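Engineer: following is a predicted model, sequence given first.
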Amino acid sequence: MPKKRHNNKYSKPPSVAPPSLTLSSSSRTTPEQHERSVNQLLAEMRRTSLNRNGTQNGFSTATPTLHPSIRQILQIPETPAPVPRRPLRRDINGRRLPPGPPPPRSWISLAQSRHAPQGLKDDAAGRIRHWPLPGAYVPEPHSFIDQILRRMALDWAQQRDWNQFYLYTLPSHLRTALISYVSELYEPGLSVKDLRLVLTGPSDELLAEYGVDKPDLNKLNEDISCLDLSGSAGKSLTLKELSELLYPPKVVVENDLQDSWDATEPISGPANKLLPNLTRLSFAVNPGNAPTASWKQLLSLAGKLPTLTHLNLSGWPEPSLTPNAKFAKVASRLTGTSVQYGGTGPYSHSLDGDWSEAILILKRLSKSLYSLEYLDLTGCGDWFPALMKAADGDFTVDFVDWVGDWGKITTLRLCSGYALSDDSSTDQILRFAGWIEFATAVEKHIRAQRSGRGRWITVEKDTLGESAKAVVESERLKGAR
């Protein structure tokens, strides 16, 4: 019995539209349009868009370049100029940022966010403004020298290795500026080895190995009078290391037994200083590194610098010889009661009004640095009262002498180092106003103490804006009620 054959009418989709659709669209399509390929349709779209706008909207065709005369003969339109590339995003240091949109505002608003840039973390940790020392060489912002020194400071890890035989040969004003840039911009900070490299050059062994003459240190640094270590003092460079560099310890030489006891012994002269004409120093620190600043080391170094005329102590903590023992107590062997271990306790200033330790330290500092003419205490508003208060000592009254010891100071900067913004809180505004009040009180105290017997002093301080003054007045009225 023969098998039945079933003819499947629609085993394969037809290549043309059904008659019903063809009739409905016959007014808009022609048989020629179905015969054209996809490439032809795209080419037609490009031509129509080119003729309509004169430029390619969103399409980039690889049209070969032709001579203008041949293009005019063939009536080929001009090739549109390429779309300009989006400018590269760079940070404040000139480094290229990663591609993509910037991070959300919520990521960088938190100080402890791991997504926040390093500059924002530093600002949140508390960075204050540092003013340069008067008379110091500071390149003009965005100048050629400024850009070179900034790039060298950011790439200091490589510069100190590849250019170690050339850094100490730079002019003195460029070396002091380079030290300032590296100390401020290089993240690990300036070390004592880096400072020795810029001031004295490589070691004697390296100079002998490469056949380089040893520099004359007496003439190399004789015109350097300023040393700006802002940002690195107390962080990567301690004042004890700086003191050992400037004043190396004396080497005791054993003399042979003399023939006569009456013969005079040779008198050893003072230690050979590396910077014989040093008169201006900056030990400014950021509040984040303030606990590492040592007043004990500063007093030791100040005893060797009687000719210092300019000093910057911006951001330094309250004067104390035992800052880590502020909350420590010891038991007395006589009475058995607990007594404060250090000179300053946690409630010495707020409740007791006791500034005796801070006053004693400042008094010792003033007796060592009696040639000071400029003192910068920016960011030290929490211990401004120690500059004008008195403490009962042993049969004496201790206070900072602005007539005798520091009678030569003519400029005293008592700024906060911060700037109020529009979104500053009420507590921040009140604290800012409190610092200004203390600075004004110190200014009046110094002028009253001198009362025409000393030099005229200029106290630089902050000022409040109109909106901040309104906030302070409103809070005072609330307190009066």
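Structural biologist: Sure, I can see it. Numbering: from 1, shown residues only.
Engineer: for stretch 176-187, C-alpha coordinates in CSV please.
Structural biologist: Provided in CSV are the C-alpha atoms of stretch 176-187 (Å, rounded to 0.1, in the frame of the first residue of the first chain):
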residue,chain,number,x,y,z
THR,A,176,66.3,75.7,50.7
ALA,A,177,63.2,75.8,48.5
LEU,A,178,63.6,72.1,47.7
ILE,A,179,63.9,71.2,51.3
SER,A,180,60.7,73.1,52.0
TYR,A,181,58.8,71.4,49.2
VAL,A,182,60.0,67.9,50.1
SER,A,183,59.2,68.5,53.7
GLU,A,184,55.7,69.6,52.9
LEU,A,185,54.7,67.5,49.9
TYR,A,186,56.5,64.2,50.2
GLU,A,187,54.2,61.9,52.0
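Engineer: what are the ranges of the helices in the stretch 51-200 of the chain?
Structural biologist: Using DSSP state H, counting those that start in this stretch, the helices of the stretch 51-200 of the chain run over residues 68-73, 105-108, 118-126, 144-154, 156-162, 172-185, 192-200.
Engineer: tell me the confidence at the residue lying closest to K408 once chain neighbours are set aside?
Structural biologist: Take K408 and drop its neighbours on the chain: the residue closest to it by C-beta to C-beta, 6 or more residues apart in numbering is E373, 5.3 Å away. Glycine gets a C-beta too; all of them are placed from N, C-alpha and C. The confidence metric pLDDT takes the value 96 at E373.
Engineer: surely E373 is in contact with L412?
Structural biologist: No. The criterion here is C-beta atoms under 8 Å, and E373 misses it with L412 at 10.2 Å.
Engineer: give me the more crowded residue out of those two.
Structural biologist: Comparing E373 with L412 by neighbour count (other C-beta atoms under 10 Å), the higher total belongs to L412, at 22 against 17.
Engineer: show me what the helix or strand where that one lies is packed up against.
Structural biologist: In this structure, L412 sits in strand 411-413 according to DSSP states H and E. Other helices and strands packing on strand 411-413, by 3 or more C-beta pairs under 8 Å, 6 or more residues apart in numbering; DSSP states H and E, are strand 374-376, helix 426-450, strand 458-460.
Engineer: can you count the residues close to G189?
Structural biologist: For G189, the tally of surrounding residues (other C-beta under 10 Å) stands at 20.
Engineer: kindly report the same for I128.
Structural biologist: Burial of I128, expressed as a neighbour count using other C-beta under 10 Å, amounts to 18.
Engineer: contact partners for it?
Structural biologist: With contact set as C-beta atoms under 8 Å, 6 or more residues apart in numbering, I128 has these partners: N286, P287, S314, G315, T378, G379, S416, G417, Y418.
Engineer: all helices for the stretch 251-400 of the chain, in order.
Structural biologist: Per DSSP H, counting those that start in this stretch, the stretch 251-400 of the chain has helices spanning 295-302, 356-368. These are given in chain order.
Engineer: now render the ones you listed as JSON lines, adding mean neighbour count and distance to D204.
Structural biologist: Rendered in JSON lines, the data for the helices of the stretch 251-400 of the chain read as follows (neighbours: other C-beta atoms under 10 Å; distance: least, C-beta to C-beta, whole Å):
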{"stretch": "helix 295-302", "mean neighbour count": "20", "distance to D204": "26"}
{"stretch": "helix 356-368", "mean neighbour count": "20", "distance to D204": "34"}
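Engineer: turn those into CSV, including mean pLDDT.
Structural biologist: As requested, the helices of the stretch 251-400 of the chain are exported to CSV (pLDDT from 0 to 100):
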stretch, mean pLDDT
helix 295-302, 95
helix 356-368, 94
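Engineer: nearest to T169, out of those helices?
Structural biologist: Nearest to T169 among these is helix 295-302; the distance by C-beta to C-beta comes to 28.3 Å.
Engineer: how much space separates L239 from R129?
Structural biologist: Applying C-beta to C-beta, to the nearest Å, one obtains 22 Å for the distance of L239 from R129.
Engineer: okay, the two: which has more neighbours?
Structural biologist: With other C-beta under 10 Å as the criterion, L239 and R129 differ in neighbour count, and L239 comes out ahead with 22 against 14.
Engineer: any idea how far the closest residue to that one other than its chain neighbours is from P287?
Structural biologist: Nearest residue to L239, sequence neighbours excluded (C-beta to C-beta, 6+ apart): Q297, at 3.8 Å. Relative to P287, Q297 is positioned 19 Å away (criterion: C-beta to C-beta).
Engineer: rewinding a little: so which of the helices and strands packed on strand 411-413 comes closest to A177?
Structural biologist: Nearest to A177 among those is strand 374-376 (18.7 Å), distances taken as C-beta to C-beta.
Engineer: number of residues surrounding L305?
Structural biologist: Per other C-beta under 10 Å, the neighbour tally for L305 reads 19.
Engineer: and it, how close does it get to L197?
Structural biologist: With the distance defined as C-beta to C-beta, L305 ends up 23 Å from L197.
Engineer: so who does the residue nearest to Q164 when sequence neighbours are not counted touch?
Structural biologist: When the adjacent residues along the chain are set aside, Q164 lies closest to P202, with 5.2 Å between them (C-beta to C-beta, 6+ apart). The neighbours of P202, taking C-beta under 8 Å, 6+ apart as the test, are Q164, F165, V212.
Engineer: distance to S69 for those - can I get that in CSV?
Structural biologist: Below are the contacts of P202 laid out as CSV (distance: C-beta to C-beta, whole Å):
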residue, distance to S69
Q164, 61
F165, 60
V212, 65
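Engineer: of the residues you listed, which one scores lowest on pLDDT?
Structural biologist: Among the contacts of P202, V212 carries the weakest pLDDT, at 89.
Engineer: and the strand holding L412, what's its mean pLDDT?
Structural biologist: Here strand 411-413 scores 96 as its mean pLDDT.
Engineer: partner strands of that strand and their direction?
Structural biologist: Sheet partners assigned to strand 411-413 using DSSP bridges are listed as strand 374-376 (parallel), strand 458-460 (parallel).
Engineer: can you say which of these is nearest to S180?
Structural biologist: If you check each of the strands paired with strand 411-413 against S180 by C-beta to C-beta, strand 374-376 wins as the nearest, at 14.6 Å.
Engineer: and the residue nearest to V330 when sequence neighbours are not counted, how close does it get to V442?
Structural biologist: When the adjacent residues along the chain are set aside, V330 lies closest to Y341, with 5.1 Å between them (C-beta to C-beta, 6+ apart). Y341 sits 30 Å away from V442, going by C-beta to C-beta.
Engineer: sorry, back to before: so which two of the contacts of I128 are the farthest from each other?
Structural biologist: For the contacts of I128, the maximum inter-member distance is 13.8 Å, found between N286 and S416 (C-beta to C-beta).
Engineer: angles on the backbone of the residue lying closest to L372 once chain neighbours are set aside, please.
Structural biologist: Distance criterion C-beta to C-beta, 6+ apart; nearest residue to L372, sequence neighbours excluded, is I409 at 5.4 Å. Here is the backbone geometry of I409 (degrees, to the nearest 10): phi -70, psi 120.
Engineer: count of neighbours near I409?
Structural biologist: As a measure of burial, I409 has 22 neighbours, counting by other C-beta under 10 Å.
Engineer: and A419, what does it touch?
Structural biologist: For A419, the contact set (C-beta under 8 Å, 6+ apart) comprises R129.
Engineer: is it located within a strand, as I assumed?
Structural biologist: No. Inclusion of A419 in a strand is not indicated when DSSP: H, G, I helix; E, B strand; the rest coil is applied; the result is coil.
Engineer: and it, how close does it get to L246?
Structural biologist: Relative to L246, and taking C-beta to C-beta, A419 is found at 35 Å.
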